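Participant: coords please:
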Amino acid sequence: MARDSESTFTFSPRPEAHAMHWRDLLSPVRHAVRNLLLRIEGATQKGVKASEVAANCFLVYGDRGTGKTTVLLNVKNACNPNNTSDIF
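Facilitator: This is a model prediction of the structure:
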């Protein structure tokens, strides 16, 4: 993680981490991306009261090399495909 000028943390993935095409993702990673996108969609639907939203943060965990960063980068690209920033 990197610090910006206001002493807050920003997510900076490892240089080798990158989003992948859907067809190149392994089945468990596809499942995780799909599941996370559905949950984000449910949490951000218009007309839903804040008291009805089940969560406003999501935990992505697993052992090293299991695809956590790949999941997050693919979700990032799915939510904002025009963002080319290196910072999450």
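Participant: ok, and the closest non-adjacent residue to the spatially most central residue of the chain?
Facilitator: With distances taken as C-alpha atoms, centre = their mean, Leu72 lies nearest the centre of the chain, 2.9 Å away. Excluding the flanking residues, the one nearest Leu72 by C-beta to C-beta, 6 or more residues apart in numbering is Val60, at 6.2 Å. C-betas here are computed from N, CA, C, even on glycine.
Participant: Enumerate every residue touching the one you found.
Facilitator: Contacts for Val60 (C-beta atoms under 8 Å, 6 or more residues apart in numbering) come out as Ala32, Leu36, Lys68, Val71, Leu72.
Participant: hmm, 7 Å instead?
Facilitator: By C-beta atoms under 7 Å, 6 or more residues apart in numbering, Val60 lies in contact with Lys68, Val71, Leu72.
Participant: Nearest to Thr8 among those?
Facilitator: Leu72 (18.3 Å; C-beta to C-beta).
Participant: Just say helix, strand or coil for the closest one.
Facilitator: Judged by DSSP: H, G, I helix; E, B strand; the rest coil, the three-state class of Leu72 is helix.
Participant: how far out from the middle of the chain is the longest helix along the chain?
Facilitator: In terms of residue count, the longest helix belonging to the chain (DSSP state H) is helix 27-43. Centroid separation between helix 27-43 and its chain, computed with C-alpha atoms, centre = their mean, to the nearest Å, is 9 Å.
Participant: Helix or strand for Val75, just tell me which one.
Facilitator: Using DSSP states H and E, Val75 falls within helix 68-79.
Participant: Now do the buried residues in that helix.
Facilitator: Neighbour-count burial for helix 68-79 flags Lys68, Thr69, Thr70, Val71, Leu72, Leu73, Asn74, Val75, Lys76, Asn77 (criterion: 16 or more other C-beta atoms under 10 Å).
Participant: do the same with stretch 12-29
Facilitator: Buried positions in stretch 12-29, judged by neighbour count with 16+ other C-beta under 10 Å: Pro13, Ala19, Leu25, Val29.
Participant: Could you find the lowest-pLDDT member of these?
Facilitator: Lowest in pLDDT among the buried residues of stretch 12-29 is Pro13, which has 71.
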